[in-house]
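>>> This is a predicted model, with the sequence first.
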Amino acid sequence: MKDSDNSSLCNDKRYESFFKEQAKALYSFLLVKFGDSDLSKDLVQEAFIKLWENCNKVGGSTAKSYLYKIAVNLGISSKRHDQVKYKYQNIIASQPAHIENETPQFLMEEVEFKEKIKKAISLLPDRQREVFLLSRIEKKTYKEIAVLLDISVKAVEKLMHKALLKIRAVTDGVK
Amino acid sequence: MGNNNLNDVYLAKWLSGELTPDQLEEFKQHPHYNQYVKINDAALNMSLTDYDVDHAYLNLKTKINNGKHTSNTKVISLYKWVGAVAACMLICVGVYVFSFSSNIYESNLAEKRNVVLPDGSTVMLNSKAVAEVNTFNWKTSRLVELEGEAFFKVKKGNKFSVETAVGTVQVLGTQFTVNTINNNLLVVKCFEGKVQVKTPIKEVILTKGMAFQVFENTITEWNFEQSQPSWIATDNESRFNSMPIGHVLTSLKRQFDIKISNAENINKNLIFSGSFSNKNMEKALYTVFSTLGVKYEFVSDKEIRILHPIE
């Protein structure tokens, strides 16, 4: 736990590279969890400020879990969290698929279908949505997700399974 | 169900590519298999909204260096600041607009309109009149800009002024009418109290029952005995005293909303004294024109044509 000079985050360079390593993943995780882009950016900043203040106590190995814990706790206690209506339709950006050789009608249906999926995702229970987004959009393995959410891999698989069932049922449209 | 090989998490296993070949074969027979493929493809194509790491780091650095990172620091995002600034500006603009605002009251043709001013004084506008009331500073200077004719009942208080194109009428607390026609004639009648009239050529003080008229440097003064303007008291008469014919025509037009064509056939120097009915247009026209010997004919309900004296 003791800070050796080259692993201490009190070192500017070390701190910066740690930020650049972790910030984006932390942001995505918070975005998935809280569904609010501004809040997530603020939380990342807050967590890293706390880390800087405590850089003597928090060693390189524990820094990451420390960050996540702080950010999530701050997010949960934040008043804004209560008021956030999950606006997943807004936080998910979709890249256009391969455009070559597609008819306009196909492209339009494609867009509509994506909108449907986004809607379906926003309707999922919190845990299922977190797992689904982390896995499909953030491309994390079930094991990584299990660590992040502090649950078992089996639980992650069950949540994933349910999430997909539900999304299919919702996007099936009329029937 | 035929899902012998498929357990309760087979969808998760499929997504992570962990199904055995057997299970995969069976899953492909699933009626919804194609839909699942489509959903997965679409989801893999999505991404979360962007995060600019370098920018975020700069912000963080600034924050830390500024020492503004006490434990309770609230991070206020830019849009809140923009919102606050916008709100302040809105308030400023609102105050500005409110304090320099003036209300404009306008009566239409053949309409009378009663306006109550902020201090309880009233203005009765005769037809086709415009009064602009300066509500800014009303308490210290009561000012009304007037075009057309109006009857004022002024509550006691600070100086009350009526500005017209021809001159200014000032009072302290009284009842009077002010009438301007064609922006070159002014008639003031005082029904109660005292009224001061200031024009470039003369200043007079009118008391009860005195009337004053300016028209192109000609001043006429006379006395009357009404206690209220005739157009208010009976609502059926307009009364004139030595009024140039052009102004009588303007009054007729205001009152009845009519057009008068070939008006150049009338001798401009004619003077009209008398009154006409405000209710009956034909009677009014007859009263005015027959006494002056002017011949006219109806072109339509709302238009008359003045005939040449020789016709």
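Okay, I see it. Residues are numbered from 1 along each chain as shown, chains lettered A, B, ... in the order given.
>>> Just give me the neighbour total for A:Gly35.
23 (other CB atoms under 10 Å in any protein chain shown). Every C-beta, even on glycine, is put in place using the N, C-alpha and C of the backbone.
>>> Break the chain down into its domains, please.
All of this refers to chain A. Domain assignment for chain A, taken from automatic domain parsing, gives A:12-83, A:92-171.
>>> other chain: chain B
B:10-44, B:53-99, B:103-235, B:237-311.
>>> Between the ones you listed, which has the poorest mean confidence score?
Note on the domains of chain B: domain B:53-99 shows the lowest mean pLDDT, a mean of 74.
>>> name the element B:Phe151 belongs to?
strand B:149-153 (DSSP states H and E).
>>> and that strand, how far out from the chain's middle?
21 Å (CA atoms, centre = their mean, to the nearest Å).
>>> Helix or strand next in line after that strand, which one?
Next element after strand B:149-153 (DSSP H and E): strand B:160-163.
>>> got the CA positions of the following helix or strand past that next one in CSV?
For strand B:160-163, the following helix or strand on the C-terminal side (DSSP H and E) is strand B:168-171. Below are the C-alpha coordinates for strand B:168-171, written out as CSV (Å, rounded to 0.1, in the frame of the first residue of the first chain):
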residue,chain,number,x,y,z
THR,B,168,-50.0,71.8,-24.2
VAL,B,169,-52.8,71.8,-21.7
GLN,B,170,-51.9,71.7,-18.0
VAL,B,171,-54.2,71.3,-15.0
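>>> and strand B:168-171, what does it pack onto?
strand B:160-163, strand B:195-198 (3 or more CB pairs under 8 Å, 6 or more residues apart in numbering or on different chains; DSSP states H and E).
>>> wait, which of those is closest to chain A?
Between chain A and the helices and strands packed on strand B:168-171, the shortest gap by CB to the nearest CB is with strand B:160-163, which sits at 54.7 Å.
>>> can you give me how far the closest one is from the chain middle?
On CA atoms, centre = their mean, the centre of strand B:160-163 falls 21 Å from that of its chain.
>>> Dump the C-alpha coordinates for that strand into CSV.
This file holds the C-alpha atoms of strand B:160-163, laid out as CSV (Å, rounded to 0.1, in the frame of the first residue of the first chain):
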residue,chain,number,x,y,z
PHE,B,160,-51.4,66.9,-15.3
SER,B,161,-50.4,67.7,-18.9
VAL,B,162,-52.0,66.9,-22.2
GLU,B,163,-49.6,67.4,-25.1
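>>> What are the contacting residues of it?
Where contact means CB atoms under 8 Å, 6 or more residues apart in numbering or on different chains, the residues beyond strand B:160-163 that reach it are B:121, B:141-146, B:150, B:152, B:154, B:168-173, B:178.
>>> which among those residues end up buried?
Among the contacts of strand B:160-163, the ones that count as buried by 16 or more other CB atoms under 10 Å in any protein chain shown are B:121, B:142-146, B:150, B:152, B:154, B:168-171, B:178.
>>> would you turn those into TSV with distance to B:Ser242?
Listed next are the buried ones among the contacts of strand B:160-163 as TSV, based on distance: CB to CB, whole Å:
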residue	distance to B:Ser242
B:Ser121	30
B:Arg142	31
B:Leu143	30
B:Val144	26
B:Glu145	26
B:Leu146	22
B:Ala150	21
B:Phe152	23
B:Val154	27
B:Thr168	23
B:Val169	20
B:Gln170	25
B:Val171	24
B:Val178	18
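>>> In those residues, find the pair that's most separated.
B:Ser121 and B:Thr168 (16.6 Å; CB to CB).
>>> What's the local residue count around the closest residue in space to B:Glu303 that isn't next to it in sequence?
With sequence-adjacent residues excluded and distances taken as CB to CB, 6 or more residues apart in numbering or on different chains, B:Glu303 is closest to B:Lys259, at 4.2 Å. When neighbours are defined as other CB under 10 Å, B:Lys259 has 13 of them.
>>> Now B:Lys259, what are its backbone angles?
Main-chain dihedrals, B:Lys259, degrees, to the nearest 10: phi -110, psi 140.
>>> What of B:Asn223?
Per degrees, to the nearest 10, the backbone of B:Asn223 is at phi -110, psi 150.
>>> isn't A:Leu134 right next to A:Val147, touching?
No - applying CB atoms under 8 Å, one finds A:Leu134 not in contact with A:Val147, separated by 10.9 Å.
>>> neighbour-wise, which of the two wins?
A:Leu134 (23 against 15).
>>> how would you label the more buried one: helix, strand or coil?
helix (DSSP: H, G, I helix; E, B strand; the rest coil).
>>> ok, now B:Arg305?
strand.
>>> Please verify my assumption that it contacts B:Glu297.
Yes - if you go by CB under 8 Å, B:Arg305 and B:Glu297 touch, sitting 5.6 Å apart.
>>> Which one of these two is surrounded by more residues?
Set side by side, B:Arg305 and B:Glu297 give different neighbour counts by other CB under 10 Å, the larger being at B:Arg305 (16 against 10).
>>> I'd like to know how far that one sits from chain A.
67 Å (CB to the nearest CB, to the nearest Å).
>>> residues touching that residue, list them.
Contacts of B:Arg305 (CB under 8 Å, 6+ apart): B:260-262, B:296-299.
>>> What spatial separation is found between it and B:Val294?
Taking CB to CB, to the nearest Å as the measure, B:Arg305 falls 11 Å from B:Val294.
>>> got it, and B:Thr287?
B:Thr287 is 12 Å from B:Val294, by CB to CB.
>>> Got the phi and psi for residue 125?
In the absence of a named chain, this looks at chain A. phi -60, psi 150.
>>> nope, chain B
Dihedral angles (degrees, to the nearest 10) for B:Leu125: phi -90, psi 130.
>>> count of residues packed around it?
22.
>>> what's the answer for A:Phe106, then?
Neighbours of A:Phe106 using other CB under 10 Å come to 11.
>>> do the one 3 residues further on as well
Using other CB under 10 Å, A:Glu109 has 12 other residues around it.
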